[in-house]
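Novice: Got a predicted model here, sequence first, then my questions.
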Amino acid sequence: MDHLDLKYGCNPNQGHARISMEVGDLPLQVLCGSPGYINLLDALNGWQLVSQLAEATGLSAAASFKHVSPAGAAVSLALNDTERRMYFIGEHEELSPLATAYVRARGADRMSSFGDFISLSERCDLQTARIIKREVSDGVVAPSYEPEALALLQKKKGGKYVVLQIDPSYEPPMMETRSVYGITFTQERNTAVLDASVLQPIVTQNKDLTEEARLDLLVALNALKYTQSNSVCFAKRGQTIGVGAGQQSRIHCTRLAGEKADAWHLRQSRQVLDLPFLPSLSRNEKDNAVEAYMRSEIQDPGLYFSEDVPPLTDQEKRDILASITGVSLASDAFFPFRDNIDRATQSGVSYIVQSGGSLRDDAVIKACDEHGILMVCNAIRLFHH
């Protein structure tokens, strides 16, 4: 048996923690640091996501994982000027495709990504390592590292930063097991391939699926495959912009993901981009200030800003969000009621992919037709627990 002993399990009182292989060698190497139980759950879920997303799209992919769900996932579409500003990337700072993918994944929900575990679909280059070096994260997994990139990452956290290398040729067995309360569960692992072939049939009157939306739907679907259920994901510009994970009601998933997607759009407004931050603030402090500002929760502006700033009013928020369109949405199972569609419309959703199969499919399709939304019902459920 090949194994790796860990400090402890999910919590410090859960000792004798390890990962192991009954047959063969572990497909993981620890190049730096001491990974924990949750680190490895995030790493293994994240690696599956990015490797499959890269295969489905032909683009570099990255994911930012927290507590076994992606805070963000993205592919390597180039950043525009607004995105550079909202993600704190210098106007002339060069980014490789992989670095761009991680900047997008991290930028999807920077509050949730604080202290994330990073997954990269390909060899980690120096530009990507430089981005990782300056953000607060627990570790990274990739198939390989450029020597300069590895040397830089090994200096992070005083040499305690977790750096994992995974064998990209590793194929797990078809059957997977887990133990709960001393009882062993066995099932076939989820081998569903989520590429362009799953974006059919289109069941609505609107059948104009653009290439941009096709990419965004694939990003959202592949993210959901490794998100704790129930889950709904909003995507735009080759990245997730709102993930609603682990909710018992699907409308709560849609609301949570929609609120995060709305925040992503509000962060691009002039009012937010032009906030006069104190020069002493870190990127993480700026993230906190932006979140509080958008929620009208700033108690003492002097702690964050060098001058007085007018509040972002509810009317201004409504005006900004009213102009949003072209957002894609994926659900890991069917929508039982049209309320999900009505809420999605409020966040600019124009494209939806879901499994279908509800007794109220007709009502859900009718709601999409009323709003002019294109919807795919592909009969693929993506529960993940």
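Specialist: Nice, I can see it. Numbers count the residues shown, from 1 in each chain.
Novice: How much space separates residue 60 from residue 256?
Specialist: 28 Å (CB to CB, to the nearest Å). (Glycine included, C-beta is placed from N, CA and C.)
Novice: And the two? Which one has more around it.
Specialist: Neighbour tally, residue 60 and residue 256, criterion other CB atoms under 10 Å: the higher count belongs to residue 60, 25 against 18.
Novice: List the residues that contact the more buried one.
Specialist: With contacts defined as CB atoms under 8 Å, 6 or more residues apart in numbering, the neighbours of residue 60 are 54, 75, 76, 96, 97, 98, 100, 101, 121, 122.
Novice: pretty sure the first one is in a helix, no?
Specialist: This points to residue 54. Yes - membership of residue 54 in a helix is supported by DSSP: H, G, I helix; E, B strand; the rest coil.
Novice: got the contact list for stretch 134-148?
Specialist: The contact list for stretch 134-148, computed with CB under 8 Å, 6+ apart, reads 28, 31, 33, 35, 39, 42-43, 46-47, 64, 106, 113-126, 129, 132, 153, 161-168, 283-284.
Novice: Separate out the buried members of those.
Specialist: Neighbour-count burial (16 or more other CB atoms under 10 Å) is assigned, among those, to 28, 31, 33, 35, 39, 42-43, 46-47, 64, 106, 113-114, 116-122, 124-126, 129, 132, 153, 161-166.
Novice: Narrow the residues you listed to those in helices?
Specialist: Counting by DSSP state H, those place 39, 42, 43, 46, 47, 106, 113, 126, 129, 132, 153 in helices.
Novice: Just name the closest of those residues to residue 216, please.
Specialist: Using CB to CB, residue 106 comes nearest to residue 216 of those, at 17.9 Å.
Novice: residue contacts, the closest one?
Specialist: Residue 106 sits next to 64, 72, 87, 113, 116, 131, 135 when contact means CB under 8 Å, 6+ apart.
Novice: Need the pLDDT of the third one.
Specialist: The predicted local distance difference test score for residue 87 is 96.
Novice: Do a quick rundown of the helices in the stretch 151-300 of the chain.
Specialist: 211-224, 250-266, 270-273, 283-294 (DSSP state H, counting those that start in this stretch).
Novice: got CSV for the ones you listed, with mean pLDDT and distance to residue 23 too?
Specialist: Formatted as CSV, the helices of the stretch 151-300 of the chain follow (pLDDT from 0 to 100; distance: least, CB to CB, whole Å):
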stretch, mean pLDDT, distance to residue 23
helix 211-224, 98, 29
helix 250-266, 97, 38
helix 270-273, 94, 53
helix 283-294, 93, 43
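Novice: quick one on the thing from earlier: list only those of the contacts of residue 60 flagged as buried.
Specialist: Buried among the contacts of residue 60 by 16+ other CB under 10 Å: 54, 75, 76, 96, 97, 98, 100, 101, 121, 122.
Novice: Sort out for me which of the residues you listed are in strands.
Specialist: Members of the buried ones among the contacts of residue 60 lying in strands (criterion: DSSP state E): residue 75.
Novice: Mind telling me the two of the buried ones among the contacts of residue 60 farthest from one another?
Specialist: The distance between the two most remote of the buried ones among the contacts of residue 60 (CB to CB) is 14.1 Å, for 54 and 96.
Novice: Tell me the one of the buried ones among the contacts of residue 60 nearest residue 303?
Specialist: residue 100 (32.4 Å).
Novice: what's the neighbour count on residue 105?
Specialist: Residues lying near residue 105 (other CB under 10 Å) number 32.
Novice: which residues does it contact?
Specialist: 62, 63, 64, 70, 71, 72, 73, 74, 113, 118, 239, 240.
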